[in-house]
Structures are given as structure tokens and as C-alpha cells.
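[1] predicted model follows, preceded by the sequence.
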Amino acid sequence: ANSMYRTPTSASHNIELNDNRIVSLEPLKNSQFLQNLNHQTFNLQNNNIKNLNGLQGLNKVNTLNLNQNQINDISHIAEFTSGEQVNILDLRNNQIETIPAGVFDSFQPAYVKLQDNPITDWTGITSNTSMTHFYCSTDMGSQLSLLPQMTNTAVFEMSQQHTNTQLPDMTGSHVAHFTY
């Protein structure tokens with residue numbers, strides 16, 4: 001039988017859907033397309049995506065690039081399961097204001113990139129216990145006190161921290177690199 005589309009079974013490939021006018025990912029929700037992915041990068045950069053609803057069922061993607069969209073709601077991450085494997089989650093340059101509590105309870109990327117978002121509530125960042133690399137360029141203010149709870153995070157890249165808040169004691173953590 002002829003098939004117009006066959007998902008590769010062995011080699012890693014990139015899916016490039018960047019620089020389009022994609023607004024919603026809902027048509028992809030739990031689709032065969034997402035479930036059969038086995039790719040290096042799923043690039044959705046520079047679109048007009050507002051939330052992550054529709055990525056439920058995503059499977060085996062090393063890098064999920066959502067940089068430069070209009071994302072203001074990441075609460076749908078809480079609906080992702082542990083089977084949805086993403087190593088690098090790139091949410092830079094969006095409109096995210098809140099990292100909801102428990103948002104990373106099941107979905108646990110090792111690298112989380114949140115630079116250039118107007119985040120004021122970081123509460124949910126501590127629910128990602130597998131995160132090894134944390135990147136942000138938004139002033140965390142008094143919420144820097146959450147950092148010691150990120151015990152497995154080895155790399156913190158935290159530019160543009162404008163507060164006079166003292167860094168918390170990171171004794172007991174696995175910090176190998178800290179840029180402040």
C-alpha cells in the first residue's frame with residue numbers, strides 16, 4: 001500500500017514549522033503524528049501560538065522549540081505524561097507570566113529556557129525535579145528563595161536579576177555553574 005507520509009523509524013530528523021502563522025496546536029492533540037515522532041527537533045519558533053494545548057501525546061523529541069511566539073499560558077504542560085519525552089524545552093521570548101504550581105509534575109525536561117518572558121510567579125518551577133539546566137532573564141525578586149528546592153539543577157543562567165535580594169544558600173544542591 002502506498003502511503004503519502006511515513007514516520008521514519010530509525011534516523012533522527014528535524015521538523016521545521018518555524019516562521020509560519022500557526023496560532024493553535026489543538027489539531028495535533030493526541031494525534032498519530034505526535035505519537036510517532038522520533039525526531040531531534042520539533043521547531044515551532046516564530047509563530048503566533050498562545051498556549052501549549054495540543055501537544056499532549058508528543059513523543060520522543062529532543063528539542064521542542066517554541067521560542068518567539070505569543071505563549072501566555074503553559075498550564076497544559078500539566079496534562080503531558082511522563083511518556084512525553086522532551087530533553088530541551090525552549091520557551092524564550094513569549095508572554096509567560098506564571099509558572100503554575102505542579103505544571104512540571106509529570107513532564108520533566110532537563111533543560112528549561114524561559115529567558116525574556118514577563119514572569120512574576122515562579123512557583124511551579126520547583127515541580128520539575130529532573131531539570132538540570134535552568135535559564136531565565138527575568139528578575140525573580142524574592143522568589144529566588146525557590147532555587148534551593150531545585151536540588152538536581154546543576155546549571156543556573158540567570159541574567160538581569162535587578163533586585164537587591166541576596167542569593168539563597170545553595171548548600172546541598174548540585175550546582176556546577178551559576179551565572180547571576
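    Thanks, I have the structure now.
[2] so which residue is dead centre in this protein?
    In the chain, the centroid-proximal residue (CA atoms, centre = their mean) is residue 89; its distance is 3.1 Å.
[3] distance check, the spatially closest residue to residue 22 that is not a sequence neighbour against residue 25.
    Nearest residue to residue 22, sequence neighbours excluded (CB to CB, 6 or more residues apart in numbering): residue 47, at 4.0 Å. From N, CA and C alone the C-beta is placed, and that goes for glycine too. Counting by CB to CB, to the nearest Å, the gap from residue 47 to residue 25 is 9 Å.
[4] residue 69 now?
    Taking CB to CB as the measure, residue 69 falls 10 Å from residue 25.
[5] now do the buried residues in the lowest-mean-pLDDT helix or strand in the chain.
    Across the helices and strands of the chain, mean pLDDT, DSSP states H and E gives its lowest value to helix 32-35, namely a mean of 78. Residues of helix 32-35 classed as buried by neighbour count (16 or more other CB atoms under 10 Å): residue 34.
[6] before we move on, back to that, quick one: what helix or strand has the residue nearest to the centre of the chain in it?
    In the assignment (DSSP states H and E), residue 89 maps to strand 86-90.
[7] now whichever helix or strand comes after that strand: buried residues?
    Using DSSP H and E, the next helix or strand after strand 86-90 towards the C-terminus is strand 111-113. Across strand 111-113, burial judged by 16+ other CB under 10 Å covers 111-113.
[8] just those residues now: which is nearest residue 30?
    Using CB to CB, residue 112 is the member of the buried residues of strand 111-113 that lies nearest residue 30, at 23.5 Å.
[9] and the closest one, what is it in contact with?
    Taking CB atoms under 8 Å, 6 or more residues apart in numbering, we find residue 112 in contact with 89, 91, 125, 128, 131, 133-135.
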